[in-house]
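Fold the following and give me the result.
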Amino acid sequence: MPNITIANFKGGVGKSLLAHQLITCYGYHGVEIDPYGSLKERLPNQVIRIDIDEKTLPNTPKNCIFDFGGFDDIKLDQAIQRSDLVLIPFIPTLESVQGTVDTLERIKHHEAPILMVANMVQKEEDVQDARFVFEEVLGFEVELYSIPLSVALQTAINENKSIIELANQKGIRAYAYKKAQKIIVNLQKTIKNY
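The predicted structure is shown next:
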């Protein structure tokens, strides 16, 4: 499995949600670089937290996800250098797209491939509008993965469980999680292509 940096200077776009699901579903290790994050508390055996005042990342295991809070930090460069992929979640709204553009401007000089993840999508045309903006900023085509608005994924993180675990329950509850499970399974397949 590749090392992944998950970053966006805009908060509330789903960085930790995606990190949580990739860690709980696929056994990644996590590195949380977010003083306000809760990933370490939720997954104490799989995640280490790096203090914001630290200037360098410590040695980290392979198959690692670097979960950055919504800010710029020198450790972002270090994480990207150790990563096979930069995953940038965003919500396809004007406000989120602007924060995402700031992130792209900051990281576009790195050679790691970028996968844009449109989160909480309600209208696909909003995603395509955002793609146009991102490609203008980067100067090349971007791969984009869309995640529709999903209460199931938020429930999974609230219950501190993988969506796969919830989908494998018995009864009617499991049915509600099957669609969200497919989203995360397909995201992991997309990631493995890198």
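
so how far is Y177 from the residue sitting furthest away from the middle of the chain?
Each residue of the chain has a distance to the centre, and by Cα atoms, centre = their mean the biggest one is for G171: 29.8 Å. Distance, G171 to Y177, using Cβ to Cβ, to the nearest Å: 11 Å. For glycine as for every other residue, the C-beta is placed from the backbone atoms N, C-alpha and C.

confidence score at the residue farthest from the centre of the chain?
Note on G171: pLDDT of 79.

do the same with M1
M1 is given a pLDDT of 77.

quick check: longest strand of the chain.
In the chain, taking DSSP state E as the definition, the longest strand is strand 114-121.

For it, buried residues please.
Across strand 114-121, burial judged by 16 or more other Cβ atoms under 10 Å covers I114, L115, M116, V117, A118, N119, M120, V121.

May I ask which two of these are separated the most?
I114 and M120 (19.6 Å; Cβ to Cβ).

just to revisit the earlier point, pipe the buried residues of strand 114-121 into CSV and attach pLDDT and distance to I191 per row.
Shown next, in CSV, are the buried residues of strand 114-121 (pLDDT from 0 to 100; distance: Cβ to Cβ, whole Å):
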residue, pLDDT, distance to I191
I114, 95, 12
L115, 96, 7
M116, 96, 13
V117, 97, 10
A118, 96, 15
N119, 95, 15
M120, 93, 19
V121, 94, 18
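
And for K123, the neighbour number?
9 (other Cβ atoms under 10 Å).

Need the per-residue pLDDT for the residue nearest to Y36 when sequence neighbours are not counted.
Nearest non-adjacent residue to Y36, counting by Cβ to Cβ, 6 or more residues apart in numbering: G69, 6.2 Å away. The model reports G69 with a pLDDT of 84.

Return the member of the buried residues of strand 114-121 nearest to L138.
I114 (7.6 Å).

The closest one contacts V86, doesn't it?
Yes - applying Cβ atoms under 8 Å, one finds I114 in contact with V86, separated by 4.9 Å.

Quickly list what's touching both of these two.
Shared contacts of I114 and V86 (Cβ atoms under 8 Å, 6 or more residues apart in numbering): I107.

Going by length in residues, pull out the top helix of this protein.
With secondary structure taken from DSSP state H, the chain has its longest helix at helix 172-192.

quick one, that helix and strand 114-121 angle?
160 degrees (axes from the mean of the first three to the mean of the last three Cα atoms, to 10 degrees).
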